[in-house]
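Undergrad: predicted coordinates and the sequence they were generated for:
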Amino acid sequence: ILSAISKDGLTFTKEQGVRISPGTGFEAHVCDPTIVDLPDGKMRMYYKGANTMKPGPGSIHKIYSAISSDGLNFQKEGLRIDSEASGDNGWASVPDAITLPDGRVRIYYVTNSEMPHGIASAISSDGLHFIKELGIRVPKLVDPALVKLGNKYILFAASIEEMSPRVPKGIYYLESSDGLEFGEPTAVFQTSNVYDPSVLKIDESTVRVFYGRVEPLQKPAVESHTGKIIE
């Protein structure tokens, strides 16, 4: 996991060094970071660890954490969500964490507890020990990214599954009053080969969404889309 820095949220400069290095076992591959600020000024990163990046049977994804006082040097803390024991059938992937008003931490993540993949959540009072919450937050969509605007939780997600014709491929957002029950998805845009949205709050009605895009025979790229979603 690497990092880049920007003054305007549009032009980024890659920073030197590695934030999280791969390890062994289910940390052979590490990616998909999300960060929460801690009361003592430190920050905690949650990230995906996987034994292989190949899709299908045999690929197991789990969620880990690391802590830092400067956002550059992270100390690994270990396993947070064990997908083989949490009811996620070996697939707890692409986490996105948010601190709730009461100080608890909720992680939204891609689950394999039902087919096709959907978005589940787990909650923690200390940011380290998580309990999976009942039900699916969002069916059929993947790669959650959440922001709170006013009294609403806005969850961005991607549709990438061929087996979900009722949700054409693209980037979507859904609204919730409690962060658990979400409404129907609204398209930000619909197109193939986009994934992994990440959202940056500009003000109480405007967000910028970053997302990955792959074109045939080209390297993956990161783009952004800015717009108002609450008038």
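TA: Nice, I can see it. Numbering: from 1, shown residues only.

Undergrad: now do the SS call for residue 26.
TA: What DSSP: H, G, I helix; E, B strand; the rest coil gives for residue 26 is helix.

Undergrad: does it touch residue 62 like I think?
TA: Yes: between residue 26 and residue 62 there is a contact under CB atoms under 8 Å: 5.0 Å. Using the backbone N, CA and C atoms, a C-beta is placed for each residue, glycine as well.

Undergrad: who has more neighbours, these two?
TA: With neighbours defined as other CB atoms under 10 Å, residue 26 and residue 62 compare such that residue 62 has more, 26 against 22.

Undergrad: what's around residue 6, how many residues?
TA: 10.

Undergrad: pull up the overlap in contacts between residue 26 and residue 62.
TA: Common neighbours of residue 26 and residue 62, using CB atoms under 8 Å, 6 or more residues apart in numbering, are 49-50, 79.

Undergrad: partners of residue 37 in the sheet?
TA: residue 43 (DSSP bridges).

Undergrad: isn't it up against residue 68?
TA: No: Residue 37 is not in contact with residue 68 according to CB under 8 Å; the separation is 10.8 Å.

Undergrad: what sits in contact with each of those two?
TA: residue 43.

Undergrad: of these two, who's got more company?
TA: More crowded of residue 37 and residue 68, by other CB under 10 Å: residue 68, with 17 against 11.

Undergrad: surely residue 133 is in contact with residue 180?
TA: Yes: Residue 133 lies in contact with residue 180 (CB under 8 Å); the separation is 7.0 Å.

Undergrad: what do these two both touch?
TA: Taking CB under 8 Å, 6+ apart as the criterion, residue 133 and residue 180 both touch residue 121.

Undergrad: averaging pLDDT per element, find the lowest-scoring helix or strand in this protein.
TA: Scoring the helices and strands of the chain by mean pLDDT, DSSP states H and E places strand 221-228 at the bottom, with a mean of 65.
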